[in-house]
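1. Build the 3D model from these lines:
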Amino acid sequence: MPEVTQAVHRHPPLIIEALDIGKTSVQCDVVVRSDSICVSDSSLNVLITLLPTLPYHACASGGVGVFRDKMRESSLPHLAEHVAIDLLVKTYSAEEVGFAGNTVWLDKSRNLMRIRVSYQDAKVTKAALLAAVNLINQVSSEVSFEDEAMSIEITAIADRSTVPSPEHHPSPRIMAILQDLEAQRNI
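-> Residues are numbered from 1 along each chain as shown. Model (predicted):
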């Protein structure tokens, strides 16, 4: 009798519960899967390969220092904060703008955390946060990128090192996500 293999589908390590624009920052509330609070060494190595400047961010969590000293003990949402900032720095000229962020627990019983990232353009920052969460979900999973278009977009964002032109817009998929979030926010 042939062996039947059943695929196990678990929800991703990070699930976005809310994404809102504040006066100076975009905030993203995420629920963290209980078995995935912290980053694994293998996932961290993949992220550092994709974003080699990630370890060199300033990071005030647990005292002033650089993110490299705190990465291995960081929560996935804190890592998403730094990935989003790294993507934003690659999108804009570093001399032109700086970004700041923070990540805090909202409800430990639900594994709910809030990521805040400052913005110059709220839509670009929303796209960077969405890309950061998606990237972390992908590298933290044992599956490959489910959405090739999103994978290509993440790579393009990670490779970008110039200020976006006025014609720069997120991909149609990211725009659709942003429009859905905007519609939900205005209900």
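
2. shaky segments in this protein?
-> 1-10, 62-64, 93-96, 142-187 (pLDDT under 70).

3. That one: helices as residue ranges?
-> For the chain, the helices defined by DSSP state H cover 41-50, 76-91, 122-140, 148-159, 172-185.

4. can I get the CA coordinates of the first one in PDB?
-> Right, the one you point to is helix 41-50. C-alpha atoms of helix 41-50 as PDB (Å, rounded to 0.1, in the frame of the first residue of the first chain):
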ATOM      1  CA  ASP A  41      20.300  31.000  13.800                       C
ATOM      2  CA  SER A  42      19.600  29.700  10.300                       C
ATOM      3  CA  SER A  43      16.900  32.300   9.600                       C
ATOM      4  CA  LEU A  44      19.200  35.000  10.900                       C
ATOM      5  CA  ASN A  45      22.000  33.900   8.700                       C
ATOM      6  CA  VAL A  46      19.700  34.000   5.600                       C
ATOM      7  CA  LEU A  47      18.500  37.600   6.600                       C
ATOM      8  CA  ILE A  48      22.100  38.700   7.100                       C
ATOM      9  CA  THR A  49      23.000  37.300   3.600                       C
ATOM     10  CA  LEU A  50      20.100  39.200   2.100                       C
END
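
5. angle of that helix against helix 76-91?
-> Using axes from the mean of the first three to the mean of the last three Cα atoms, to 10 degrees, one finds that helix 41-50 and helix 76-91 are set 10 degrees apart in direction.

6. In helix 41-50, which residues are buried?
-> 43-44, 46-47, 50 (16 or more other Cβ atoms under 10 Å). For every residue, glycine as well, the C-beta is placed using N, CA and C.

7. Could you export the residues you listed as JSON lines, including distance to Asp35?
-> Output for those, formatted as JSON lines (distance: Cβ to Cβ, whole Å):
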{"residue": "Ser43", "distance to Asp35": "13"}
{"residue": "Leu44", "distance to Asp35": "16"}
{"residue": "Val46", "distance to Asp35": "18"}
{"residue": "Leu47", "distance to Asp35": "19"}
{"residue": "Leu50", "distance to Asp35": "23"}
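
8. List just the nearest of these to Ile115.
-> Leu47 (15.6 Å; Cβ to Cβ).

9. so the closest one touches Leu79, yeah?
-> Yes: between Leu47 and Leu79 there is a contact under Cβ atoms under 8 Å: 7.3 Å.
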